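Engineer: sequence first, predicted model second:
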Protein chains: 2
Amino acid sequence: MSSSESAVSPVVQSARRAREAAAQLAPLPRAAKDAALLAIADALSARAAEIIEANADDVERARAAGTSEAIVDRLTLTPERVLAIASDVRDVVALPDPVGEVVRGSTLPNGIDLRQVRVPLGVVGIIYEARPNVTVDAAALCLKSGNAVLLRGSSSAYHSNTALVKVVRDAIAGAGLPADAVQLVPGESREAARELMRARGLVDVLIPRGGASLIRTVVTESTVPVIETGTGNCHVYVDAQADLDMAVDILINSKAQRPSVCNAAETLLVHQDIAEAFVPRALAALAKAGVTVHGDAAVRAAAERAGSTATVVAATDEDWAAEYLSYDIAAGVVPSLDAAVEHIRRWSSGHTEAIVTTAQAAARRFTQLVDSTTVAVNASTRFTDGSQFGFGAEIGISTQKLHARGPMGLPELTSTKYIVTGDGHVR
Amino acid sequence: MSSSESAVSPVVQSARRAREAAAQLAPLPRAAKDAALLAIADALSARAAEIIEANADDVERARAAGTSEAIVDRLTLTPERVLAIASDVRDVVALPDPVGEVVRGSTLPNGIDLRQVRVPLGVVGIIYEARPNVTVDAAALCLKSGNAVLLRGSSSAYHSNTALVKVVRDAIAGAGLPADAVQLVPGESREAARELMRARGLVDVLIPRGGASLIRTVVTESTVPVIETGTGNCHVYVDAQADLDMAVDILINSKAQRPSVCNAAETLLVHQDIAEAFVPRALAALAKAGVTVHGDAAVRAAAERAGSTATVVAATDEDWAAEYLSYDIAAGVVPSLDAAVEHIRRWSSGHTEAIVTTAQAAARRFTQLVDSTTVAVNASTRFTDGSQFGFGAEIGISTQKLHARGPMGLPELTSTKYIVTGDGHVR
């Protein structure tokens, strides 16, 4: 094999080293992994200056390229932010180790003991954009779950990521674990990313984190199994029977508490029986929160009849499909709960949909029929989140149905194996 | 949308109808699904003659094409075989419904009730070869788990599959369920299969069942998430301390009880400390079972020293990699348990590996280090099987780590969704 080694690309070489590291990580007990995580947290604090210096290069480059200040802010590391990253790593230490958990177990009729046990996935690839904190978060979660990780960040954060990974690798090695458990994919080219997506057999799963176009590229080009994350066209449906104060609170919280995230609401649907009473109140509250409403004819008519002063833009199909991630919301009136479900089935990205209702039968039917990662009854869409769900940390929110669906914590970074124990059993 | 409908291919139209059917199946209670399954079983018995007549066309075509008698036999349906297929459907009726099972549940600190509940995957695509019984098995398992299924069988079984699916659809419709829950992918062309693999967003998962080249094609070309199944290069490792009678029994059962299946053993590894005693016995038993041994130098030397009359062919790297599926086995001597694990890590397909040992520490280390769907301790590799594991039925054996690993029963045909219930909770 060594004779052909020189022809092997740096990405494949990295993946092979990750595979070796993963084999060493898999049987490690929690104490060894936690010690390495604490070493990482300490090293981040101790070496914050060198990380911030590297980050300054990225920030300067981004400014020179005319990047928007919002993006530059997301990219920027300060002493406080580095300490916050270190603190997140300490939080991962406190989480239980998923590896070794017995998921199912029974004694078969022939006396064989069958156990299904959680094991690491092996090598996890993460392709992500901008924020350097993802680099350390992902490394910590993968390490805790016994996985090696190959990180492919955006080139705009290349210096920051390089510095962070260097600190992490030094800390891991100092704790006696293989440094190659955490690697930055070598090279900034698209070809390097493509090789990562084609490293089936070496990489066990790829998780893209970023915008829709990044995710589409990974899904289309990857032969490595992918977990799709994060697009959220979330709906709030206000049923015929509903507490209107509650409905306003949930609507405003879902839309405006943090509009830039995937669990923010993008569409309001209102049952026609309650439209006359609710739409004007909703429009007033949305206007007060600074939200522009893109309404269908019925919403606009209800606003007009109520003499609402809020402006309502006419909604098109593009509005029903939009993941605004901004202070905008589409709004429509539906003739029934089933029509709301039908609308959601057609337009939703399958992330989170909420119903506000006082009717038990409506709550039951909505939760049964809506096919999204999360269905909220009388609660904000903003709860779909790993830390809100008590998972302690989150590697992303899966919007696909295979392997994991919804917020992914440590158990979602594992696979299982069966242990069959007999005393000479044959068929 | 209807204006462009005529430009939509028949495969995509099928997938859309499947999607509609899946939405109707998802909320159905078990009783409705079981009634449809019983109707299928009854219809298969009642209409066996028309199924066998259609099958005769396929068999004739296969014979005319010079297909081997073994393959023709797998393709052939007889009255008994049709009744056996009907009986398998009745077995699925007896299995519990996975849909609705609460996988996790807790009350969050803020009082929200969180439930993670099993739901159907939606639309399952199955691409498979030859055997017509898979058509009905897959339909029954998908129906029971609330999924619509798109079946793409091999063209050699086209008439049989068409007849079987017609009977199944009639029975489903008679039981009041949507017939489009079970469809044969229209068209026999490769292009039709390719369209199925590209129907991301319409098809939730593709499961290829068949030879290595079929599986490779699906994995490489599909943008729909795939569950890889079934290649098995399984190992039996006999440790330094082992009951040699047990080792012979497990070896022969693993290799020769049914050599054509994926959980049959393909390689024997023997610890050097026990090679002198075990290799001659193993060779004699393998010879008696009609198995040809492809041995390394140490195995051949041990055979010679013992004056074994069994012929041993020299093993090459191809033998370590081979999934023979025949009366052949590769055999080698290893210096240690860790060397056995190293060999397995390099050559195994990750299906099933067995250790025969009397040493607790060896059993523990082997099960920890071997990274395969199933690790057997003092038991045959042949136990890796849905019905042996008590799952009642099996849609295939996943050899990948994502979503499902090992034998897949009904729960593996489901996803989950989170239900968040509050009384006006906001963040």
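Structural biologist: Done, it's in. Residues are numbered from 1 along each chain as shown, chains lettered A, B, ... in the order given.

Engineer: C-alpha only now, for contacts and for neighbours.
Structural biologist: OK.

Engineer: and chain A, what are its domain boundaries?
Structural biologist: For chain A, automatic domain parsing gives the domain ranges A:8-228+A:406-421, A:234-387.

Engineer: can you add mean neighbour count, distance to chain B and mean pLDDT and give those domains back as a markdown table?
Structural biologist: Shown next, in a markdown table, are the domains of chain A (neighbours: other Cα atoms under 10 Å in any protein chain shown; distance: least, Cα to the nearest Cα, whole Å; pLDDT from 0 to 100):
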| stretch | mean neighbour count | distance to chain B | mean pLDDT |
| --- | --- | --- | --- |
| domain A:8-228+A:406-421 | 20 | 5 | 95 |
| domain A:234-387 | 21 | 5 | 96 |
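
Engineer: could those be laid out in JSON lines, adding distance to residue B:118?
Structural biologist: What follows is the domains of chain A, written out as JSON lines (distance: least, Cα to Cα, whole Å):
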{"stretch": "domain A:8-228+A:406-421", "distance to residue B:118": "13"}
{"stretch": "domain A:234-387", "distance to residue B:118": "11"}
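
Engineer: leaving out the residues flanking it, which one is nearest to the residue of chain A found nearest chain B?
Structural biologist: Across chain A, the shortest distance to chain B (Cα to the nearest Cα) belongs to residue A:403, at 3.4 Å. In this structure, residue A:403 finds its nearest non-sequential neighbour in residue B:403, 3.4 Å apart by Cα to Cα, 6 or more residues apart in numbering or on different chains.

Engineer: OK, contacts around residue A:285?
Structural biologist: By Cα atoms under 8 Å, 6 or more residues apart in numbering or on different chains, the contact set of residue A:285 is A:248, A:252.

Engineer: hmm, back to that, the residue nearest to residue A:403 reaches residue A:402, doesn't it?
Structural biologist: Yes: counting by Cα atoms under 8 Å, residue B:403 touches residue A:402, with 5.6 Å between them.

Engineer: between the two, which one's more packed in?
Structural biologist: Comparing residue B:403 with residue A:402 by other Cα atoms under 10 Å in any protein chain shown, the one with more neighbours is residue A:402, at 24 against 21.

Engineer: pLDDT score assigned to that one?
Structural biologist: The model reports residue A:402 with a pLDDT of 93.

Engineer: ok, it to residue B:204 distance?
Structural biologist: 8 Å (Cα to Cα, to the nearest Å).

Engineer: the strand ranked longest in chain A: how far from the chain's middle?
Structural biologist: Longest strand in chain A, counting residues (DSSP state E): strand A:414-425. Centroid separation for strand A:414-425 versus its chain: 33 Å, with Cα atoms, centre = their mean, to the nearest Å.

Engineer: partners of it in the sheet?
Structural biologist: If you go by DSSP bridges, strand A:414-425 pairs up with strand A:113-120 (antiparallel), strand B:374-379 (parallel).

Engineer: contacts made by it with the rest, please.
Structural biologist: By Cα under 8 Å, 6+ apart, strand A:414-425 touches A:98-99, A:111-121, A:145, B:246-247, B:249-250, B:367, B:371-380, B:401-406.

Engineer: as PDB, could you dump the C-alpha coordinates of it?
Structural biologist: Output of strand A:414-425 as PDB, limited to C-alpha atoms (Å, rounded to 0.1, in the frame of the first residue of the first chain):
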ATOM      1  CA  THR A 414     -23.800   7.300  17.500                       C
ATOM      2  CA  SER A 415     -24.700   4.100  15.700                       C
ATOM      3  CA  THR A 416     -25.300   0.800  17.400                       C
ATOM      4  CA  LYS A 417     -23.900  -2.700  17.200                       C
ATOM      5  CA  TYR A 418     -25.500  -6.000  18.300                       C
ATOM      6  CA  ILE A 419     -23.600  -8.300  20.800                       C
ATOM      7  CA  VAL A 420     -24.700 -11.900  20.500                       C
ATOM      8  CA  THR A 421     -23.500 -14.000  23.400                       C
ATOM      9  CA  GLY A 422     -24.000 -17.800  23.600                       C
ATOM     10  CA  ASP A 423     -22.200 -20.900  24.800                       C
ATOM     11  CA  GLY A 424     -21.700 -22.700  21.600                       C
ATOM     12  CA  HIS A 425     -25.000 -21.800  19.900                       C
END
